[in-house]
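Undergrad: 3D, please:
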Amino acid sequence: MVYHYWSKSLNIHFGYYRWGDNPFRLEAMLARMNGFVAAQLGLPASQTTLVLDVGCGYGATIRQFLSEYPNASFAGISNNRGQIDTANDWLSKQNLTGRAAFRVADFAATPFSDASFDAAFALESACFADSSPREGDAKQKMLAEVARVLRPDGRFVVVDGFRRQNGPLPYPIAYLYRKCTHAWGMDGLPEIEFFTKTLVNQGFEEVKTVDISWNLAPSLLHIPWCCLKLLAAYFIKKEMDALHYAKALLLTLLLSPFKRYFGYYAVTCRKSSVRLGN
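TA: Purely as a prediction, here's the structure:
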């Protein structure tokens, strides 16, 4: 488990910077990103609600929400058994198994019944959903599954990296992009317009996108220091995964200046209360 070199709290995503924040405090920005997601969800502080984390990692976002929203319950899914075991172990030690649960599951085939959740979010995880062979795929299977398990009027929030357009990328950007997505183990980033159109086709309304690329930028500056720690772990402690993680982070940093082709967005929407076709 090498992700703790990025975040001791195992928030395996980038941070959210607000004007006036300290850009050197990465953990604070990571927690701020979790808070930003909660704000987009509009989680009620005083009402009982059930929330799904689609791609929960080690459960760090849910851990934060458990303390901030005492009336909410949570479920998290990941296809990584090690992440799920770590998350459930923490729940057991904190005696919080009655309020949250983590399960191994595929994004496109979850074990939950129809209309099970009041809200759902995907924080830097939609990009890992399966794609069709077409580059720029909108992650349709994942969105269809979220639509199935959400109750009518349930809110869905996606915060992730996206392609701004679906045309061919110029060289060497295309080369860097292929190397980066391969290093992260993803088929490719969804194209923002295709993604939002697919949300509408799956029965979501009030689809809104906000470009928060510049809010992300300060946390990207922590990548070089993290990579130095990862390289030390690789050469000194023989942690073999550390080198792979460092490569993925560095490729992400190399792609980040190409704002014309890539952006980081918050996408919010609400599941329609009317069945498709009615």
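
Undergrad: Is it correct that residue 204 is in contact with residue 269?
TA: Yes: using CB atoms under 8 Å, residue 204 is in contact with residue 269, at 4.1 Å. (Each C-beta comes from the backbone N, C-alpha and C, glycine too.)

Undergrad: Name the residues contacting each of the two.
TA: Applying CB atoms under 8 Å, 6 or more residues apart in numbering, one finds that residue 204 and residue 269 are jointly contacted by residue 156.

Undergrad: Could you pull out the strands in this structure for me?
TA: Secondary structure of the chain by DSSP state E: the strands cover 49-54, 72-78, 100-104, 117-123, 150-163, 204-211, 262-271.

Undergrad: Walk me through which strands the fourth one pairs with, and which way each runs.
TA: Listed by DSSP bridges, the sheet partners of strand 117-123 and their directions read strand 49-54 (parallel), strand 150-163 (parallel).

Undergrad: who's in contact with the shortest one?
TA: Strand 49-54 is contacted from outside by 41, 43, 59, 61-62, 65, 69, 71-77, 107, 112, 116-123, 125-126, 142, 146, 149-150, using CB under 8 Å, 6+ apart.

Undergrad: can you give me how far it is from the chain middle?
TA: Taking the mean of its C-alpha atoms, strand 49-54 sits 13 Å from the chain's own mean (CA atoms, centre = their mean, to the nearest Å).

Undergrad: And stretch 248-264, by the same measure?
TA: Worked out by CA atoms, centre = their mean, stretch 248-264 lies 16 Å from the chain centre.

Undergrad: now it: mean pLDDT?
TA: Averaged across stretch 248-264, the pLDDT comes to 97.

Undergrad: Please apply the same query to stretch 2-10.
TA: On average, the pLDDT along stretch 2-10 is 96.

Undergrad: Now do the end-to-end distance for it.
TA: Stretch 2-10 stretches 10 Å from its first residue to its last (CA to CA, to the nearest Å).

Undergrad: What residues of that stretch count as buried?
TA: Residues of stretch 2-10 classed as buried by neighbour count (16 or more other CB atoms under 10 Å): 2, 3, 5, 6, 7, 9, 10.

Undergrad: Distance to residue 184 added to the residues you listed, as a markdown table?
TA: Listed next are these as a markdown table, based on distance: CB to CB, whole Å:
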| residue | distance to residue 184 |
| --- | --- |
| 2 | 14 |
| 3 | 13 |
| 5 | 16 |
| 6 | 13 |
| 7 | 17 |
| 9 | 21 |
| 10 | 17 |
